[in-house]
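Colleague: Have a look; sequence and predicted model below, questions after that.
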Amino acid sequence: MKFAPNFVFGTATSSYQIEGAHNEGGRTPSIWDAFCDEDGKVFEKHNGDIACDHYHRYEEDIQHIKRLGVDTYRFSIAWPRIFPQKGVYNPEGMAFYKKLATRLRAEGIKPAVTLYHWDLPLWAHEEGGWVNRASVDWFLDFARACFAELDGIVDSWITHNEPWCAGFLSYHLGQHAPGHTDMNEAVRAVHHLLLSHGKAVELLKGEFKSVTPIGITLNLAPKYAKTDSVNDQLAMNNADGYANRWFLDPVFKGQYPVDMMNLFSKYVHSYAFIEEGDMETISVPCDFFGINFYSRNLVEFSAANDFLQKDAYSDYDKTGMGWDIAPSEFKDLIRRLRAEYTDLPIYITENGAAFDDELVDGRVADQNRIDYVAQHLQAVSDLNEEGMNIQGYYLWSLLDNFEWSFGYDKRFGILYVDFETQERIWKDSAHWYAGVIEQHKATIPQEA
């Protein structure tokens with residue numbers, strides 16, 4: 001595999017998954033703090049109170065990032081650290097991210113910052129969360145504070161991470177905080193998430209007149225029909241609409257897919273929450289497009305399902321999450337995005353895998369993870385040979401961390417974390433990834 005000289009290699013984390021320090025520095029609870037306290041929501045009632053203790057160990061973690069040799073590190077900002085109460089700004093919370101970004105830059109690592117990676121302040125949830133249109137204004141206050149304090153030291157901005165998860169997984173399927181199961185709420189929440197994205201882009205480019213690149217990250221999973229039957233093809237269309245087109249179409253075409261609006265109208269009795277000018281705002285031009293890719297889905301028709309589809313049995317090799325390992329379908333996805341949606345530079349803002357890692361005599365031999373990442377990096381290399389313009393790759397994740405509803409049961413890190421001692425141990429995959437990056441850098445002509 002080969003990459004252009006300007007191709008960037010990175011690794012990624014998010015605030016609630018690694019920071020800990022849940023009640024320090026002025027931080028108040030997020031919806032995830034509350035969700036973890038509910039019975040049966042998170043594996044063994046794990047929570048992010050301590051997580052990887054990154055809040056106290058960020059200096060050590062930066063040294064690991066530096067040793068990996070990555071060009072860039074993607075992290076997110078905990079909204080409840082910045083606005084612990086409605087309308088109350090907390091400089092102490094911002095100071096942490098300022099230190100983090102400044103130290104990264106000092107070590108030659110470009111900070112790529114995600115504004116929202118799901119830790120909505122509990123005060124915002126208590127006023128309706130993303131279902132309430134006022135959430136757009138709350139998010140803009142948060143974004144404005146981050147831009148004002150950090151724009152000069154941040155290399156790129158991502159408004160939202162995976163609005164499918166923050167919207168449908170959280171408000172319709174109930175598997176993420178706040179754990180609601182209401183499709184009407186979910187569609188409204190997604191609209192406000194996407195609207196706040198567009199308004200944040202306008203804010204950075206307009207009020208701040210910033211040239212720092214800004215984009216959004218969508219998690220996309222290509223859908224395939226189990227058979228060629230009319231019913232399975234319909235299932236595939238609906239699965240794709242629910243997971244992919246409902247987000248791609250508004251961001252890149254300024255409209256929601258009409259077939260899905262019809263399908264959702266059993267629950268969404270009025271689309272009046274889509275106000276004049278909203279779709280133009282949502283589809284405001286960005287500088288790049290972030291994609292989180294993990295897997296594909298095989299689906300089949302199911303009359304019992306509201307949207308007439310369910311997952312079908314697949315004989316693909318699986319990760320520890322039970323997800324299909326599908327690098328060739330990843331290529332299909334990128335080609336489709338280029339053909340149907342956008343010519344913006346693409347960054348793979350997350351890709352990686354959980355496996356049942358074992359620490360044996362101080363070593364984690366995770367060849368399965370190395371194979372997974374190698375296959376997807378090869379796919380990126382192949383796609384760029386086709387002119388697909390993928391400009392960077394962020395491996396998820398730097399550290400084993402709090403894996404949402406799976407708690408600490410699933411390990412995605414290339415650094416093993418002993419959650420009792422907080423010791424970080426390089427897995428074989430970390431050594432391998434550092435080697436890939438070193439090899440790439442050796443091919444870049446040195447300036448005289």
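Modeller: The structure has been received and is ready for your questions.

Colleague: ok, residue 266 - contacts?
Modeller: Counting by C-beta atoms under 8 Å, 6 or more residues apart in numbering, residue 266 makes contact with residue 306. No exception for glycine: its C-beta is placed from N, CA and C like everyone else's.

Colleague: Got phi/psi on it?
Modeller: phi -60, psi -30 (degrees, to the nearest 10).

Colleague: Roughly how far does it sit from residue 306?
Modeller: 7 Å (C-beta to C-beta, to the nearest Å).

Colleague: Likewise for residue 287?
Modeller: Noted for residue 287: a distance of 37 Å to residue 306, by C-beta to C-beta.

Colleague: in the chain, which spans are strands?
Modeller: Residue ranges of the strands in the chain, as given by DSSP state E, are 8-12, 72-76, 110-116, 156-161, 214-219, 223-225, 288-292, 297-301, 309-311, 346-351, 390-396, 415-418, 423-426.

Colleague: Residue 144 - how many residues pack around it?
Modeller: By the criterion of other C-beta atoms under 10 Å, residue 144 has 16 neighbours.

Colleague: Name the nearest residue to residue 181, ignoring sequence neighbours.
Modeller: Leaving aside its chain neighbours, residue 181 sits nearest to residue 174 (4.2 Å; criterion: C-beta to C-beta, 6 or more residues apart in numbering).

Colleague: what's the burial count for the one you found?
Modeller: There are 16 residues near residue 174, going by other C-beta under 10 Å.

Colleague: cool, and residue 2?
Modeller: 10.

Colleague: how near is the most centrally placed residue in the chain to residue 411?
Modeller: Against the mean C-alpha coordinate of the chain, by C-alpha atoms, centre = their mean, the closest residue is residue 161 at 3.9 Å. From residue 161 across to residue 411, the span is 20 Å (C-beta to C-beta).

Colleague: again with residue 55
Modeller: Distance of residue 55 to residue 411, given as C-beta to C-beta: 21 Å.

Colleague: which one of those two has more residues nearby?
Modeller: Taking other C-beta under 10 Å, residue 55 and residue 411 do not tie; residue 411 has more neighbours (26 against 21).

Colleague: Can you tell me the closest non-neighbouring residue to residue 197?
Modeller: Per C-beta to C-beta, 6+ apart, closest to residue 197 is residue 159, 4.2 Å.

Colleague: list the contacts for residue 395?
Modeller: Shown in contact with residue 395 (C-beta under 8 Å, 6+ apart): 9-12, 351-352, 373, 414, 433.

Colleague: got a pLDDT number for it?
Modeller: pLDDT recorded at residue 395 is 99.

Colleague: what bridges to it?
Modeller: Legend: beta-bridge partners of residue 395 under DSSP bridges are residue 11, residue 351.

Colleague: mind checking how far it is from residue 427?
Modeller: 12 Å.

Colleague: which neighbours do the two share?
Modeller: Common neighbours of residue 395 and residue 427 (C-beta under 8 Å, 6+ apart) are residue 414.

Colleague: Pairing partners for the nearest residue to residue 109 once chain neighbours are set aside in the sheet, please.
Modeller: Once flanking residues are discounted, residue 109 sits nearest to residue 73: 5.2 Å by C-beta to C-beta, 6+ apart. Listed by DSSP bridges, the beta-bridge partners for residue 73 are residue 11, residue 111.

Colleague: Can you report how many residues lie near residue 73?
Modeller: 26.

Colleague: Isn't it up against residue 65?
Modeller: Yes: applying C-beta atoms under 8 Å, one finds residue 73 in contact with residue 65, separated by 5.2 Å.

Colleague: so what's in contact with those two at the same time?
Modeller: Taking C-beta under 8 Å, 6+ apart as the contact rule, residue 73 and residue 65 both touch 11, 104, 109, 398.

Colleague: Sort out which of those are in helices and list them.
Modeller: If you go by DSSP state H, those have residue 104 in helices.

Colleague: Would you reformat the shared contacts of residue 73 and residue 65 as a markdown table and include neighbour count, distance to residue 3 and pLDDT?
Modeller: A markdown table is the format used below for those (neighbours: other C-beta atoms under 10 Å; distance: C-beta to C-beta, whole Å; pLDDT from 0 to 100):
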| residue | neighbour count | distance to residue 3 | pLDDT |
| --- | --- | --- | --- |
| 11 | 27 | 16 | 98 |
| 104 | 23 | 22 | 98 |
| 109 | 22 | 18 | 98 |
| 398 | 30 | 20 | 98 |
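
Colleague: now, which of the shared contacts of residue 73 and residue 65 sits nearest residue 334?
Modeller: Closest to residue 334 out of the shared contacts of residue 73 and residue 65 is residue 11 (20.8 Å), distances taken as C-beta to C-beta.

Colleague: wait, what's in contact with the closest one?
Modeller: 65, 68, 70, 73-74, 394-398, 414, 433.

Colleague: go on, residue 184?
Modeller: Contacts of residue 184 by C-beta under 8 Å, 6+ apart are 267-269.

Colleague: Buried subset of those, written for ChimeraX?
Modeller: Here is the ChimeraX command that selects the buried residues among those (16 or more other C-beta atoms under 10 Å):
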select :268
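
Colleague: nearest to residue 142, of the contacts of residue 184?
Modeller: The closest of the contacts of residue 184, once distances to residue 142 are taken by C-beta to C-beta, is residue 268, at 27.2 Å.

Colleague: Backbone torsions only: list them for the closest one.
Modeller: The phi and psi values for residue 268, taken as degrees, to the nearest 10, are phi -100, psi 100.

Colleague: For it, give its distance to residue 183.
Modeller: From residue 268 to residue 183 the distance is 7 Å (C-beta to C-beta).

Colleague: thinking again about what came up before, can I get the strands of the chain in JSON lines with distance to residue 200?
Modeller: Shown next, in JSON lines, are the strands of the chain (distance: least, C-beta to C-beta, whole Å):
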{"stretch": "strand 8-12", "distance to residue 200": "20"}
{"stretch": "strand 72-76", "distance to residue 200": "14"}
{"stretch": "strand 110-116", "distance to residue 200": "7"}
{"stretch": "strand 156-161", "distance to residue 200": "5"}
{"stretch": "strand 214-219", "distance to residue 200": "8"}
{"stretch": "strand 223-225", "distance to residue 200": "29"}
{"stretch": "strand 288-292", "distance to residue 200": "14"}
{"stretch": "strand 297-301", "distance to residue 200": "30"}
{"stretch": "strand 309-311", "distance to residue 200": "33"}
{"stretch": "strand 346-351", "distance to residue 200": "16"}
{"stretch": "strand 390-396", "distance to residue 200": "20"}
{"stretch": "strand 415-418", "distance to residue 200": "31"}
{"stretch": "strand 423-426", "distance to residue 200": "33"}
